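Engineer: What shape does this take:
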Amino acid sequence: MSIKTLLAAGLTLATLTAGTAQADQVKIGIAAEPYPPFASLDSSGTWVGWEIEVIDAVCAAAELDCVLTPVAWDGIIPSLTGQQIDAIMASMSITEERLKTIDFSDAYYNTPAVIVADKSMDIAPTPEGLDGKIIGIQASTIHQAYAQEYFKGAEIRVYQTQDEANQDLFAGRIDATQADSIAMADFVGTEAGACCEIKGAVADDPAVLGRGVGAGLRKGDEALAAKINTGIAKILADGTHAEITARYFAASIY
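Structural biologist: Residues are numbered from 1 along each chain as shown. Purely as a prediction, here's the structure:
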């Protein structure tokens, strides 16, 4: 075999090896906006939180080389379908509407949606209780879809982040907000959220609120779905999921 042939063979092998390494790397899309206690930046600029630890655990269990890739929430599904990221793990609920565009892994957590308002306000988490009220909702979420479906007698103000809605709730510019129970429990436990309390969970509607939170995947990406499902199953079975949860919450959120 000539030196030229050996060099060509070596380049081909190097190309194939590099392709394999790249194929094993998975870009996990997370929301660029903070969503404590699930995901937020610490003082050093590192992403921390319950969901960040779960992502690390799932990827390790599935033997995937994952890279966190922050994306603005309202562009996270287009980033997936446009192949800028390979999966979404950003507290995205599995809904029939989203399943028209993307696939999902198995669920890795599930919590109710709640209404939060000032402690002095007599508000029930029902259409009647919120009639005539101003509700702040994060854009492109199950909560926006739910509020528009059920709270037709209320004025709905849409925010790009839940933090912005929380700030307006604290400032008295809105009467209430609807969001995930765990995220709102974290908010009312802060100094800014001490004004407010959880008024209760809204009536469940799986068609709108979904069937728990899973990893969003491109349609037909069965190989990655299988690996992520394997990772989720492993951390649930070996206690890792419960161990991570215990560091953040008083009870299981699965």
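Engineer: quick one, helices of the stretch 101-250 of the chain?
Structural biologist: 142-150, 162-171, 181-188, 206-209, 222-237, 240-246 (DSSP state H, counting those that start in this stretch).
Engineer: pLDDT weak spots in this protein?
Structural biologist: Within the chain, the stretches with pLDDT under 70 are 1-24.
Engineer: on that earlier part again, I'd like the helices of the stretch 101-250 of the chain as a markdown table, with mean neighbour count appended.
Structural biologist: Bear in mind the C-beta positions are built from the backbone N, C-alpha and C, glycine included. Below are the helices of the stretch 101-250 of the chain laid out as a markdown table (neighbours: other C-beta atoms under 10 Å):
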| stretch | mean neighbour count |
| --- | --- |
| helix 142-150 | 19 |
| helix 162-171 | 20 |
| helix 181-188 | 19 |
| helix 206-209 | 16 |
| helix 222-237 | 18 |
| helix 240-246 | 16 |
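Engineer: looking at the ones you listed, which is closest to residue 70?
Structural biologist: helix 162-171 (15.0 Å; C-beta to C-beta).
Engineer: Report the angle between that closest one and helix 181-188.
Structural biologist: In terms of direction (axes from the mean of the first three to the mean of the last three C-alpha atoms, to 10 degrees), helix 162-171 departs from helix 181-188 by 50 degrees.
Engineer: Need the residues that contact helix 162-171.
Structural biologist: Contact with helix 162-171 is made by 33-35, 116-118, 136-138, 157, 159, 174, 176-177, 179, 183, 187, 192-193, 195-196, as judged by C-beta atoms under 8 Å, 6 or more residues apart in numbering.
Engineer: Please tell me how far it is from the chain's geometric centre.
Structural biologist: 19 Å (C-alpha atoms, centre = their mean, to the nearest Å).
Engineer: tell me the domain boundaries of the protein?
Structural biologist: The record, using automatic domain parsing to delimit domains, assigns the chain the ranges 19-110+211-246, 113-209.
Engineer: Columns distance to residue 254 on top of those domains, output as a markdown table?
Structural biologist: Compiled in a markdown table, the domains of the chain are given as follows (distance: least, C-beta to C-beta, whole Å):
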| stretch | distance to residue 254 |
| --- | --- |
| domain 19-110+211-246 | 6 |
| domain 113-209 | 12 |
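Engineer: Relative to residue 252, which of these is closest?
Structural biologist: Among the domains of the chain, domain 19-110+211-246 sits nearest to residue 252 (C-beta to C-beta), with 6.1 Å.
Engineer: Need the buried ones from the contacts of helix 162-171 selected in ChimeraX.
Structural biologist: In ChimeraX, this line selects whichever of these come out buried by 16 or more other C-beta atoms under 10 Å:
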select :33,35,116,117,118,136,137,138,157,159,174,176,177,179,183,187,193,195,196
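Engineer: who's in contact with the spatially most central residue of the chain?
Structural biologist: By C-alpha atoms, centre = their mean, the chain has its centre lying nearest to residue 91, at 1.6 Å. Counting by C-beta under 8 Å, 6+ apart, residue 91 makes contact with 31, 35, 38-39, 51, 180, 183, 213.
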